[in-house]
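# for reference, the sequence and a predicted model appear below.
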Amino acid sequence: MGILDGKAGFVTGGGRGIGRGHCLHLGAQGAGVVVNDVDLEEAEKVAAEIREAGGRAVASQADIGSRKGAQELVEQCVDEYGAVDCAVNNAGIVRDRSFLKMSDEEWEDVLRIHAGGTFWCAQESARRMRAAGTGGSIVNTVSAAHMGNFGQTNYGGAKGAIASMTYTWANELARYGIRVNAISPSGTTRMSESAKGVDGKAPAAGWFLDPTLNGPFVAYLCSDEGNWITGQVFGTGGDRVVIMDQPSYGTGMFRPEGWGVEALQEQMPKFFKNRLQAVGLHKQPYPYYDGVVPPDGD
């Protein structure tokens, strides 16, 4: 017996790494799982692993970077198990390159898989959930990279979009009993090998964090035990479950007659000079109070 007995869902990018962990834990908790991955052989391995442990699972190679592929994936889940109760949007790619060198193809491919794939799979699932009248759970995947990370304009931008979509969908879909949350997972995977620090260099070799450790929290969010949680982003993996603060306006200055240029010239340094936010994922004390200026001679 598990907390997902009688439920069914899919995990995109489920053939390896973090997605594989999601699939294994959904299956272990009783859900029927469609393991979706561009690499069908890897998806089949994970599905077989779930079945060997006594669970229910099938593989899918549907291309979630298109409306057609998302429809095929959701239809397979419904055909196989009679419903889609859990939609876990995990699939992703990286095409890291610094902003001034990034190509249109690198930008568009990452946005299509991350933001597009999440949108299409979630919408197709939510329409089925609404029609069934039984509610459901959508779990999206974001990243701390959306705070700003070297060489990841495309990836960070897509993850920021997914976070914003999560908040919006939670508001729109609650009336149908559909919950929408996101995780910012941690784990050592093929994708994490491309990560760069604030200096643009890869981290030291030898570090490993089991990517499957995000799976239990995803299973919890998909279950009725978690039916009180929606519109939230959690950092997961390893020893942590942390909630990400919602975007909000912070401190401010107000002037009854409004702000003209002269008033801004006078008051901005006085009020904000020690209050600007640190920039990026690898936060440091704000370094630009003396100005952002071009190199000498340029």
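Perfect, I can see it now.

# and the one helix or strand residue 79 maps to, what does it pack against?
Element membership of residue 79, judged by DSSP states H and E, is helix 67-81. Where contact means 3 or more CB pairs under 8 Å, 6 or more residues apart in numbering; DSSP states H and E, helix 67-81 is packed against strand 8-11, strand 32-36, strand 56-60, helix 117-132. Just so you know, the C-beta spots here come from the backbone N, C-alpha and C atoms, and that holds for glycine as well.

# who are the packing partners of the shortest one?
For strand 8-11, the contact count by 3+ CB pairs under 8 Å, 6+ apart identifies helix 17-28, strand 32-36, helix 67-81, strand 86-88 as packing neighbours.

# what's in contact with it?
Here strand 8-11 makes contact (CB atoms under 8 Å, 6 or more residues apart in numbering) with 19, 22-23, 26, 31-36, 60, 73-74, 76-77, 80-88, 90, 121, 137, 222.

# ok, now with 7 Å
19, 22-23, 26, 31-36, 73, 77, 81, 83-88, 90, 222 (CB atoms under 7 Å, 6 or more residues apart in numbering).

# about what we covered before: buried residues, the helix holding residue 79. List them.
Within helix 67-81, the residues scored as buried using 16 or more other CB atoms under 10 Å are 69-74, 76-78, 80-81.

# burial measure for residue 275, as a count.
Neighbour count for residue 275, taken as other CB atoms under 10 Å: 11.

# sorry, wrong one. I was asking about residue 148.
Neighbours of residue 148 (other CB under 10 Å): 17.

# the strands in this structure, which residues?
Assigned by DSSP state E, the chain shows strands spanning 8-11, 32-36, 56-60, 86-88, 136-141, 178-185, 233-237, 240-243.

# now do the fourth one: which elements does it pack against?
Under the contact definition 3 or more CB pairs under 7 Å, 6 or more residues apart in numbering; DSSP states H and E, strand 86-88 sits against strand 8-11, helix 117-132, strand 136-141.

# can you rerun that using 10 Å?
Strand 86-88 is packed against strand 8-11, helix 17-28, strand 32-36, helix 67-81, helix 117-132, strand 136-141, strand 178-185, helix 215-222, with contacts defined by 3 or more CB pairs under 10 Å, 6 or more residues apart in numbering; DSSP states H and E.

# highest mean neighbour count out of those?
The highest average neighbour count among the helices and strands packed on strand 86-88, using mean count of other CB atoms under 10 Å, belongs to strand 32-36 at a mean of 31.

# how about the strands of the chain in TSV, adding mean pLDDT and distance to residue 95?
Converted to TSV, the strands of the chain look like this (pLDDT from 0 to 100; distance: least, CB to CB, whole Å):
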stretch	mean pLDDT	distance to residue 95
strand 8-11	98	22
strand 32-36	98	21
strand 56-60	98	24
strand 86-88	98	23
strand 136-141	98	17
strand 178-185	98	20
strand 233-237	96	23
strand 240-243	96	28
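
# adding distance to residue 211, write those out as a markdown table.
Shown next, in a markdown table, are those (distance: least, CB to CB, whole Å):
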| stretch | distance to residue 211 |
| --- | --- |
| strand 8-11 | 13 |
| strand 32-36 | 15 |
| strand 56-60 | 18 |
| strand 86-88 | 14 |
| strand 136-141 | 12 |
| strand 178-185 | 7 |
| strand 233-237 | 7 |
| strand 240-243 | 14 |
